[in-house]
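# using only what follows, build the 3D model:
(2 chains, ligands or ions: 2)
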Amino acid sequence: MMRYSLREAVAALRRAPVLVGLSATMVAMALFVVGLFGVAAYNLRVALASVEARVEIVAYLRDDARTTEVVLGQQELSDIPEVEEVRLVTKEQALAAARVDLPEFGDVFSGLDENPLPASLEIRLRPGSRTQDVLEDVAHQAQLYPFVEDVRFGRDWVERLFLLRRIGGFTTAFLGVAFGLVAALIIATAIRIAVFARRDEISIMRLVGARNGLIRRPFLLEGAVTGLAGAVLALALTFLSHELVTAFLFDIEFLPASWIVAGVLSGALFGIVASAWAVRRYLREV
Amino acid sequence: MIKFHHVTKEYPPRGKALDDVSFHIRKGEFAFLTGHSGSGKTTTLRLIHMSERPTDGEVRVSGFSSVRTSDREVWKIRRRVGYVFQDFRLLPGRTAAENVAFALEVTGTPRSAITPKVQRLLGQVGLSAKYGAAVEELSGGERQRVAIARALANDPLVLLADEATGNLDDRATRGVFDLVRQINAMGMAVLMATHDLDLIRRHPEIRLLELAHGRLVYDSETAEPGVPPTDASPLSRQIRTGVTGVGAP
Ligand SMILES: Nc1ncnc2c1ncn2[C@@H]1O[C@H](COP(=O)(O)OP(=O)(O)OP(=O)(O)O)[C@@H](O)[C@H]1O
Ligand SMILES: [Mg+2]
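Numbers count the residues shown, from 1 in each chain, chains lettered A, B, ... in the order given. Ligands and ions are numbered 1, 2, ... in the order given. So this is what the prediction gives:
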């Protein structure tokens, strides 16, 4: 039975190589767009993840803060489930860091009699808990300690960061679905043409009592091959574009293996679903 | 074996192609189905093949009911029903053998069994010599024999012939008809839709069903013996009495 389907699919390719090739190319073009946005979205994600890792809350301490109270507060804040780490930065460490980070002010710092920088608690949230709500909540709790002078966190840019990520994700998903549908439509049209070309055989198959599955299978196979070929071609084009961008513009990362596998497999799956849809109507009539 | 139980088939908005038709054809029986053009002969055959479902009533074929058999299962019925047409419906560009083999192949006959079976089937219809001939090289009568061989591929219980001799000359018609009778003699039921009144007239021993405007107007089996068909069944009347019914063409 499988031999029949395979033979028929191969025969279809032989009969109409231009049709299959053309539809695979058109599918590749549609999926290429998805691939490019995938690369862009993935790189945005990578970039945002590294920025996001720096999201922290800084609680500046009063100069008269007592060490025991500060250590106790540090302990309490660490016990909050969303908090990953609370680091105590002493006045001396703050000054040393400032000297390293801002070498052009080296003279200013070295000329000081007294250290003007406050000690602080740097509170880092766990990945996945770095949302606006949690940030505000933890900042509020830190603010309650009497030894805390002031609490700072990047209210605005954190919000923008999340918005950016959401837009990136949404755009990719939307384009993925839209161009995926375009690809499916192309495949369905090609399959319809293939079905039409074989309408005589199909009607004889129905006449003599072939099972629907057998009638359908060569077309599903053809759709799967078209989708797969289109996806692989799109992947190659995306890779080529990535290489060009990396060579001449800037260094970006290529899609991770899991995205590639998912993309290529969904190309084949889309091909099958589109073909099933295209033959469905035909199988209801003689 | 084939049972129509108050079958109505409607094609909205054109109306009823069949209207409350009931009959029963037994295993191995031979019956003619006649009627004017548009009377519902093809519709009757398509209902048996379950290419169509009744709008009302029930068609039973070899234990399968039109009411309970799903679209997924109709293939089971179709393998029990051989079907031949006026226009043969062979696959062009293939040989006689390939046409018969195609039916075997797509219904799951093991590869090794196909060639011997094709040889046997073509022998049965008297076409052994045309085994490798392209369909295009065959005469009308020969093409219909190939179509019959294909219809017999899955050892059906009934052969449906829709105007099967409609495109053939007298000699070819007789040849094909004799072949169908032989097949019937081997135990297969035959339902033959035809306009060919001469053919029917030559075989008074064969059961006759007549449709008019979608209604079964004559059935030689249930007709009272000795009473000739009336104007209600114009073709049967013409066949059995030689009198052209009032209003008949
Ligand atoms: N698929 C369809 N859609 C709509 N109407 C149909 C369809 N098939 C048949 N009909 C109508 O049903 C009626 C019966 O048609 P059918 O083909 O059964 O007649 P018939 O007796 O086979 O005629 P003929 O001798 O010309 O072959 C006709 O009026 C026809 O127009
Ligand atoms: Mg007809």
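
# and what about the spatially closest residue to A:Phe239 that is not a sequence neighbour, helix, strand or coil?
For A:Phe239, ignoring the flanking residues on the chain, the nearest one in space by CB to CB, 6 or more residues apart in numbering or on different chains is A:Phe254 at 6.7 Å. From N, CA and C alone the C-beta is placed, and that goes for glycine too. Using DSSP: H, G, I helix; E, B strand; the rest coil, the structure places A:Phe254 in coil.

# quick check: A:Phe254 touching A:Leu240?
No. Using CB atoms under 8 Å, A:Phe254 is not in contact with A:Leu240, being 10.9 Å away.

# between those two, who's got more neighbours?
A:Phe254 (17 against 11; other CB atoms under 10 Å in any protein chain shown).

# up against ligand 1, what does chain B have?
Chain B comes close to ligand 1 at residues B:11, B:14, B:17, B:35, B:37-43, as judged by CB under 6 Å from any ligand atom.

# can we see that at 5 Å?
With CB under 5 Å from any ligand atom as the criterion, chain B meets ligand 1 at residues B:11, B:14, B:17, B:37-43.

# farthest pair in these?
Greatest spacing in the residues of chain B next to ligand 1, by CB to CB: B:Arg14 and B:Lys41 (16.3 Å).

# more neighbours, the two?
B:Lys41 (25 against 7).

# in the sheet, who's paired with the residue nearest to B:Glu29 when sequence neighbours are not counted?
In space, and not counting its chain neighbours, B:Glu29 is closest to B:Ala189: 5.1 Å by CB to CB, 6+ apart. With DSSP bridges as the criterion, B:Ala189 is bridged to B:Val158.

# quickly find the element holding B:Ser39.
According to DSSP states H and E, B:Ser39 maps onto no helix or strand at all.

# meant to ask about A:Leu185
helix A:155-197.

# quick check, pLDDT for the closest residue in space to B:Ala133 that isn't next to it in sequence.
Nearest non-adjacent residue to B:Ala133, counting by CB to CB, 6+ apart: B:Ala96, 5.5 Å away. You'll see B:Ala96 listed with a pLDDT of 97.

# over to B:Arg145?
97.

# now stretch A:5-23 - C-alpha only, PDB.
In PDB, the C-alpha atoms belonging to stretch A:5-23 read as follows (Å, rounded to 0.1, in the frame of the first residue of the first chain):
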ATOM      1  CA  SER A   5       1.500   6.000  -2.500                       C
ATOM      2  CA  LEU A   6       5.200   6.500  -2.900                       C
ATOM      3  CA  ARG A   7       5.100   5.500  -6.600                       C
ATOM      4  CA  GLU A   8       2.200   7.800  -7.200                       C
ATOM      5  CA  ALA A   9       4.000  10.700  -5.400                       C
ATOM      6  CA  VAL A  10       7.100  10.100  -7.400                       C
ATOM      7  CA  ALA A  11       5.100   9.900 -10.600                       C
ATOM      8  CA  ALA A  12       3.400  13.200  -9.800                       C
ATOM      9  CA  LEU A  13       6.800  14.700  -9.400                       C
ATOM     10  CA  ARG A  14       7.800  13.300 -12.800                       C
ATOM     11  CA  ARG A  15       4.600  14.400 -14.400                       C
ATOM     12  CA  ALA A  16       4.800  17.900 -13.200                       C
ATOM     13  CA  PRO A  17       8.300  18.700 -11.900                       C
ATOM     14  CA  VAL A  18       7.800  22.400 -12.700                       C
ATOM     15  CA  LEU A  19       4.600  22.600 -10.700                       C
ATOM     16  CA  VAL A  20       6.100  20.900  -7.600                       C
ATOM     17  CA  GLY A  21       9.300  22.900  -8.000                       C
ATOM     18  CA  LEU A  22       7.500  26.100  -8.400                       C
ATOM     19  CA  SER A  23       5.200  25.600  -5.500                       C
END
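
# so A:Val208 is in contact with B:Arg79, correct?
Yes. Using CB under 8 Å, A:Val208 makes contact with B:Arg79 at a distance of 7.3 Å.

# which of those two has more neighbours?
Counted by other CB under 10 Å, A:Val208 and B:Arg79 do not tie: A:Val208 has more neighbours, with 24 against 20.

# sorry, back to before: what's the overlap in contacts for A:Val208 and B:Arg79?
B:107, B:154 (CB atoms under 8 Å, 6 or more residues apart in numbering or on different chains).

# how about the helices in chain B?
B:41-49, B:74-78, B:96-105, B:111-124, B:140-151, B:170-185, B:197-201, B:234-241 (DSSP state H).

# please apply the same query to the stretch 51-200 of chain A.
With DSSP state H, counting those that start in this stretch as the criterion, the stretch 51-200 of chain A has helices at A:67-78, A:91-101, A:106-110, A:132-143, A:155-197, A:199-208.

# quick one: these as TSV, columns for distance to A:Leu48 too.
Output for the helices of the stretch 51-200 of chain A, formatted as TSV (distance: least, CB to CB, whole Å):
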stretch	distance to A:Leu48
helix A:67-78	26
helix A:91-101	23
helix A:106-110	33
helix A:132-143	15
helix A:155-197	5
helix A:199-208	52
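
# pLDDT below threshold where in chain B?
B:244-249 (pLDDT under 70).

# who in it is up against chain A?
Residues of chain B lying near chain A by CB under 8 Å from any CB of the partner chain: B:46, B:49, B:51, B:71-72, B:74-79, B:81, B:83, B:89, B:91-92, B:102-103, B:105-108, B:150-151, B:153-154.

# try 6 Å
B:51, B:75, B:78-79, B:83, B:91, B:103, B:106-107 (CB under 6 Å from any CB of the partner chain).

# residues contacting the single nearest residue of chain A relative to chain B?
Nearest residue of chain A to chain B, counting by CB to the nearest CB: A:Gly209, 3.2 Å away. By CB atoms under 6 Å, 6 or more residues apart in numbering or on different chains, A:Gly209 lies in contact with B:75, B:78-79, B:107.

# same check on B:His5?
By CB under 6 Å, 6+ apart, the contact set of B:His5 is B:22, B:57-58.

# what's the neighbour count on A:Thr114?
Heads up, residue A:114 is Glu, not Thr. For A:Glu114, the number of neighbouring residues by other CB under 10 Å comes to 6.
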